[in-house]
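A.B. asks: here is my input, please return the structure:
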Amino acid sequence: MELTQELTVYSLIPYCIIPAVAVIVVTINVCILCFPRLTFKVPAYNSRKKHRWCHIGVFLQAVYCSVSGNHINEGLYCDCCGICVSYSLDLIREADTELICKVLTSCEDKNVHHWIRGNLPLCSVCDVCGETCGVLPQLCDLRCVWCQRTVHDNCVHNVFRFCDLGSNSSMIVPPNCVKLEKVGIKSNYIVSRVSEPPIRDWHPLIVIANSKSGNNDGNDLFHKFRTLLHPLQVIDINRVKPERGLEWCRLLPDTRLRVLVCGGDGTIGCVLSAIDKLNLRLPPEVAILPLGTGNDLSRVLGWGPGYTADVQLNDVLKDIKTAEAVLLDRWKVSITYPKRYGMSRMTKELVMNSYMSVGVDALVCMKIHKQRKSWPKLFGSRIFNKMWYMTYGTKDVLERQCKNLHQKLKLTLDGQEQKLPELEGVVILNISSWGGGCEPWLIQSQAPSEGHSHQITSFSDGLFEVMGIYSSFHCAQMQNGLAEPLRIGQAKHIEMEIRLGKVAMQVDGEPWELESPASLDISHHNTACMLSNTTDTDMDTDQSDLEYYI
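C.D. replies: Purely as a prediction, here's the structure:
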C-alpha cells in the first residue's frame, strides 16, 4: 500500500513541474513585453495623436491662439511645432486633432515643408520677397518647423514643395529617414531603423540634457532644441538613461555622430561612461553646453563658463560645426579596502575626467551637496551656488576640519613616495582649470627658477598634475591669483593610502566620505573624443592619435 502511494506521488511530479515551467516562461515573456525599456532603444511617441504641451505663464511677445486666433497672454505651447493655445479643453482637443504636430516619421521620398501659421519670431523676414513678416496684430504668415524659414501667406505658393532643412541640415535627422516600431503591451514606440540622407557632411547631433543642472535651464533647452532638430534627437537623462539616446550611434553605424551634453561636469562624465559601455565602433564627438556651477571642462574646451538665456542656440550649432576634435585623457580611480573579519569588501571604481581631490576642497563640496539635497530650491542659481561655496569655505577657515591631513595619508607618484608638509588638501588635475575657472598650476607669484617645468600641462599627454592645499584660505588666495599651490609633481600613476579617520573626497564634483583604512589606485583608463571650440586650448594631441576617431 505504501509503495503504491509513493508511486502515485512520483507519477504526479511531471504534472506539477510542467505547469510551473509554463508559468515561469509566460511570466518572463510578459515582463519582456511590458518592460521594453530594459533594452537600450531610442524612445519615441505618436506625434499624430497629440502635441507636446508645456505651460507658459506669461508670453514674452504678442501671441495668438493657433485655433481661435484670439490674443492670449498665457496658455500652452507645443515645444516641437510651436503652436499656442489658450487654457480651454475644447481648443486643446481641436488643436490635437486638426493641427498636425512636427512628424517623427514620414513615407515621403523627400522631406516636405511643414507650415505653421502665426506667432513668428520677432524680426522675421519673408524668404521669398525679403520683406518683414508676422508683424500684423493677428494670426498671420507661415513658418516651416524644419527649416525655420518664414514666408507671407501670399508668398508661400512661390516656395519649392520640398524642404532642405535649412542651415542646420547637416545636424538634423529628416523624418523620411526614420522608421518607428510599436513594442510592448502599452504600444510604446521606438526608433527601429534610420537611413542616411543625401546631405553633404551629414553629422547628426544628439542633445543629451540634464534639467536639474545649474540654473535648471534644461527644460528651456528641451523646448528650443526640439524646435530646431528632430524631436527624438533631444534626450532627457532624468527620464531615460543616456545609453538610450546614444543608440542613434548603433542605428547609424557608418556615420560619425556628435553629442551635445547640456549639464555640469557630472553629467558629462555620465555620458562619457555611457559611450564606453556601448563599445561603439565609431564613438561620437562630444561638445558641451555648460549648465553646472564650475564648468571647468567646458572652460578648457572653449565652450564658456556657463549658459545664459541670451545665448542663441543657432550660434551654438554653428560653433559645433566648426569645432575641432581633440582627445581627453580619462583616469580610472580604484578604491579597495582591506579584509574585515576575514571577508573581502567590494572594490569601488570611478572614472575621473577633470579632477579629484581629498581634504578641504572635497569637504566644502560635500557640505554643499548635502545642503542641496535637503533644500534644492536654495541652489537654483549659479551665482547663489558660488555664494554657498564661499560661505562654507569661509566657515572652514575657522573650523579647520581637515588639518593634519598629511598624517592621515600616504602618497606615491610613479612608485616614489612623497614627503608631504602640513596640508589640508590634495588635488589631482587632469585639466588646467579648477574651482570654477582658476588655473592654479599656471599661477606664478614670482619668476620661475631655472629648470622649472611644472607649467607645461595638457589634458591629452597621459599625465596629471598633483598639488597641495594648505587651507581653505589658501584656496581663496589661489582663486584670486594671490598664491601658488604646492606643486607636488606630475605622474602617470598614483597610489594613495588613507590611514586614519575619515576624509572627504570628490571626483568631478561628486563628493562622498571615505573611511580608513583604504587604498586608492589612479591609472589611465582611456581617451574620449571631444570637440574644442578654441584653438588656444591646453591640448597637445597628436594627429595620429585621432585617426581612430576621425
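
A.B. asks: count the neighbours of residue 117 for me.
C.D. replies: A count of neighbours around residue 117, defined by other Cβ atoms under 10 Å, yields 17. In this view, the C-beta of every residue, glycine as well, is placed from N, C-alpha and C.

A.B. asks: can you report phi and psi for it?
C.D. replies: In terms of degrees, to the nearest 10, the main-chain angles of residue 117 are phi -90, psi 130.

A.B. asks: ok, and for stretch 119-129, which residues are buried?
C.D. replies: 119, 120, 124, 126, 127, 128 (16 or more other Cβ atoms under 10 Å).

A.B. asks: tell me which residues are up against that stretch.
C.D. replies: Residues external to stretch 119-129 that are found in contact with it (Cβ atoms under 8 Å, 6 or more residues apart in numbering): 61, 63-64, 66, 82-84, 131-134, 139, 141, 143, 149-152, 155-156, 158-159.

A.B. asks: save the buried residues of stretch 119-129 as TSV, and put in distance to residue 327 and pLDDT too.
C.D. replies: Output for the buried residues of stretch 119-129, formatted as TSV (distance: Cβ to Cβ, whole Å; pLDDT from 0 to 100):
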residue	distance to residue 327	pLDDT
119	44	93
120	43	94
124	42	93
126	46	95
127	41	94
128	46	94
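
A.B. asks: tell me the two of those that are most distant?
C.D. replies: The distance between the two most remote of the buried residues of stretch 119-129 (Cβ to Cβ) is 19.4 Å, for 119 and 128.

A.B. asks: so which residues of this structure form helices?
C.D. replies: 2-34, 89-98, 218-228, 242-245, 248-251, 265-278, 296-300, 313-322, 360-374, 382-399, 472-479 (DSSP state H).

A.B. asks: helices or strands up against the fourth one?
C.D. replies: This points to helix 242-245. strand 205-209, strand 234-236, helix 265-278 (3 or more Cβ pairs under 8 Å, 6 or more residues apart in numbering; DSSP states H and E).

A.B. asks: what about that helix, average pLDDT?
C.D. replies: Here the mean pLDDT over helix 242-245 is 90, rounded to a whole number.

A.B. asks: that older thread, which of the helices of the chain comes out lowest on mean pLDDT?
C.D. replies: Among the helices of the chain, helix 2-34 carries the lowest mean pLDDT, at a mean of 53.

A.B. asks: now do residue 340 against residue 133, distance only.
C.D. replies: Residue 340 sits 73 Å away from residue 133 when distances are taken as Cβ to Cβ, to the nearest Å.

A.B. asks: list the buried ones in the lengthiest strand in the chain?
C.D. replies: Determined from DSSP state E, the single longest strand within the chain is strand 518-532. Neighbour-count burial for strand 518-532, with 16+ other Cβ under 10 Å as criterion, is recorded at 518, 519, 520, 521, 522, 525, 527, 528, 529, 530, 531, 532.

A.B. asks: gap between the fourth one and residue 332?
C.D. replies: The span separating residue 521 from residue 332 equals 8 Å under the rule Cβ to Cβ.

A.B. asks: point out where the chain drops to low pLDDT.
C.D. replies: When the per-residue scores of the chain are filtered using pLDDT under 70, the ranges that remain are 1-40, 186-187, 211-217, 376-384, 388, 396-398, 445-455, 535-550.

A.B. asks: any idea how far the residue nearest to the spatial centre of it is from residue 233?
C.D. replies: Centrality entry for the chain: nearest residue to the mean C-alpha point is residue 261, 3.6 Å, by Cα atoms, centre = their mean. As defined by Cβ to Cβ, residue 261 lies at a distance of 13 Å from residue 233.

A.B. asks: could you do residue 198 as well?
C.D. replies: 19 Å.

A.B. asks: which of the two has more residues huddled nearby?
C.D. replies: For residue 198 and residue 233, the more surrounded residue by other Cβ under 10 Å is residue 233, and the numbers stand at 22 against 7.

A.B. asks: is it true that the more buried one touches residue 248?
C.D. replies: Yes: here residue 233 reaches residue 248: they are 7.4 Å apart, a contact under Cβ atoms under 8 Å.

A.B. asks: return every residue with contacts to both of those two.
C.D. replies: The contact lists of residue 233 and residue 248 share 173, 204, 206, where a contact means Cβ under 8 Å, 6+ apart.

A.B. asks: ok, so of those, who is nearest residue 459?
C.D. replies: Top of the list for closeness to residue 459, among those and by Cβ to Cβ, is residue 206 at 23.1 Å.

A.B. asks: in contact with the closest one, which residues?
C.D. replies: Residue 206 makes contacts with 233, 235, 245, 246, 248, 257, 258, 259, 260, 284, as judged by Cβ under 8 Å, 6+ apart.

A.B. asks: quick check: the farthest pair among those?
C.D. replies: Longest distance between any two of the contacts of residue 206 is 13.5 Å, between 235 and 258; criterion Cβ to Cβ.

A.B. asks: residue 433 touches residue 290, doesn't it?
C.D. replies: No: distance between residue 433 and residue 290: 11.6 Å, which falls outside the contact criterion (Cβ under 8 Å).

A.B. asks: identify the contacts common to those two.
C.D. replies: When contacts are counted by Cβ under 8 Å, 6+ apart, residue 433 and residue 290 have residue 299 as shared neighbours.

A.B. asks: how about the helices and strands packed on helix 242-245, which one is nearest residue 473?
C.D. replies: Counting by Cβ to Cβ, and looking across all of those, nearest comes helix 265-278 at 24.7 Å.

A.B. asks: what lies in contact with that closest one?
C.D. replies: Judged by Cβ under 8 Å, 6+ apart, the contacts made with helix 265-278 from elsewhere in the structure are 40, 208, 210, 213, 237, 241-243, 246-247, 249-250, 259, 261, 283-284, 286, 288, 291-292, 294-297, 330, 351, 353-354, 508-510, 526, 528.

A.B. asks: okay, buried residues for that helix please.
C.D. replies: Of the residues in helix 265-278, those scored as buried under the neighbour-count criterion (16+ other Cβ under 10 Å) are 265, 266, 267, 268, 269, 270, 271, 272, 273, 274, 275, 278.

A.B. asks: got it, and stretch 245-260?
C.D. replies: Within stretch 245-260, the residues scored as buried using 16+ other Cβ under 10 Å are 245, 246, 247, 248, 249, 251, 252, 256, 257, 258, 259, 260.

A.B. asks: what's near enough to touch residue 98?
C.D. replies: Contacts for residue 98 were tallied using Cβ under 8 Å, 6+ apart; they are residue 67.

A.B. asks: likewise for the one 3 residues further on?
C.D. replies: Contacts for residue 101 (Cβ under 8 Å, 6+ apart) come out as 47, 48, 50, 51, 52, 78, 80, 81.

A.B. asks: gap between the nearest residue to the fourth one once chain neighbours are set aside and residue 157?
C.D. replies: Nearest residue to residue 51, sequence neighbours excluded (Cβ to Cβ, 6 or more residues apart in numbering): residue 78, at 3.9 Å. To residue 157, residue 78 is 26 Å away according to Cβ to Cβ.

A.B. asks: which one of these two has more residues nearby?
C.D. replies: Ranked by neighbour count (other Cβ under 10 Å), residue 78 and residue 157 place residue 78 first, with 26 against 8.

A.B. asks: the more buried one contacts residue 50, doesn't it?
C.D. replies: No: with contact defined as Cβ under 8 Å, residue 78 does not reach residue 50; the gap is 9.2 Å.

A.B. asks: put the alpha carbons of stretch 137-150 into CSV.
C.D. replies: Extracted C-alpha coordinates of stretch 137-150, given in CSV (Å, rounded to 0.1, in the frame of the first residue of the first chain):
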residue,chain,number,x,y,z
PRO,A,137,-1.8,92.1,-34.9
GLN,A,138,-3.4,88.8,-35.8
LEU,A,139,-2.6,85.2,-36.6
CYS,A,140,-0.8,85.6,-40.0
ASP,A,141,2.1,84.3,-42.2
LEU,A,142,3.8,80.9,-42.0
ARG,A,143,6.9,79.2,-40.6
CYS,A,144,8.3,75.8,-41.5
VAL,A,145,9.0,73.7,-38.4
TRP,A,146,12.0,72.0,-40.1
CYS,A,147,14.0,74.7,-42.0
GLN,A,148,12.6,77.6,-39.8
ARG,A,149,12.0,79.7,-42.9
THR,A,150,9.2,82.3,-42.7
